[in-house]
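> Just the structure for this:
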Amino acid sequence: MRYLKVLLLIILLFLVLVFFFQNQGALSQDMVLTLNLFFIPPMSSIPLPFYFLIIAAFFVGALLSLCFLVWDKVNLSARLMKSKWRVSSLEREVEKLHKNLGKEASRSAFLRKTQIRPAEAAATENVAIRQPETPSVSRPEDVLAPDPDKA
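Down below sits the predicted model:
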């Protein structure tokens with residue numbers, strides 16, 4: 001693909017050179033540019049060849065295009081960095097929530113162990129003690145949420 005782009009660029013450059021050489025008389029004519037506004041005195045340039053104006057316009061357009069492309073690249077890079085920062089922040093929050101969930105799970109396991117011991121003692125005495133039901137800890141994967149695309 002790169003070779004094809006270079007080949008097309010060489011062909012374009014060749015055609016531009018042929019155009020300039022074949023129209024050398026018409027493009028060499030001098031042209032004076034004037035600016036006449038109502039509130040300032042009229043201004044005019046020195047006589048310039050027409051081909052110079054075409055080449056200058058081409059380079060000004062290329063420079064403006066390059067500036068817009070660089071601005072877009074900088075803008076996209078800044079958005080990428082902001083998105084990466086947000087992703088890392090959310091990952092840190094997920095890790096913190098996993099740690100808190102692990103602490104809650106170990107605490108509930110400890111409470112279950114302490115609640116089982118009186119039950120074992122009651123079983124030895126042939127007395128039934130009803131265990132209070134512990135609420136199940138729902139993980140984020142278990143939560144059912146409506147799908148906004150299907151609604």
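> and stretch 98-118, what's its mean pLDDT?
Along stretch 98-118, the predicted local confidence has a mean pLDDT of 74.
> Equivalent analysis for stretch 72-89, please.
Over the span of stretch 72-89, the pLDDT mean works out to 94.
> and that stretch, how far out from the chain's middle?
The gap between where stretch 72-89 is centred and where its chain is centred comes out at 6 Å by Cα atoms, centre = their mean, to the nearest Å.
> next helix or strand past the helix or strand hosting Lys5?
Element membership of Lys5 [criterion: DSSP states H and E] is helix 2-22. Stepping forward along the backbone from helix 2-22, the first helix or strand reached (DSSP H and E) is helix 24-27.
> can you list the residues that contact that following helix?
The contact list for helix 24-27 (Cβ atoms under 8 Å, 6 or more residues apart in numbering) reads 20, 49-51, 54. Quick note: C-beta positions are derived from backbone N, CA and C, even for glycine.
> which one of those residues is nearest Arg112?
Checking the contacts of helix 24-27 against Arg112 by Cβ to Cβ gives Ile54 as the nearest, at 85.3 Å.
> now the end-to-end length of stretch 21-32.
From its first residue to its last, stretch 21-32 covers 22 Å (Cα to Cα, to the nearest Å).
> Let me see the mean pLDDT of that stretch.
Taken as a whole, stretch 21-32 has a mean pLDDT of 89.
> Okay, buried residues for it please.
For stretch 21-32, burial by neighbour count (16 or more other Cβ atoms under 10 Å) applies to Leu27.
> how far is it from where the chain is centred?
Distance of stretch 21-32 from its chain centroid, counting by Cα atoms, centre = their mean, is 48 Å.
> re the thing from before, next, the residues that contact the helix holding Lys5 from outside, please.
27, 51.
> Mark which of the contacts of helix 24-27 are buried, thanks.
Here the buried ones among these, as counted with 16+ other Cβ under 10 Å, turn out to be Tyr51.
> gap between Ser77 and Lys84?
11 Å (Cβ to Cβ, to the nearest Å).
> hang on, Phe39 is in a helix, isn't it?
No - read with DSSP: H, G, I helix; E, B strand; the rest coil, Phe39 is coil and lies in no helix.
> Give me the neighbour count for it.
Applying other Cβ atoms under 10 Å, we find 4 residues neighbouring Phe39.
> Good, wrapping up.
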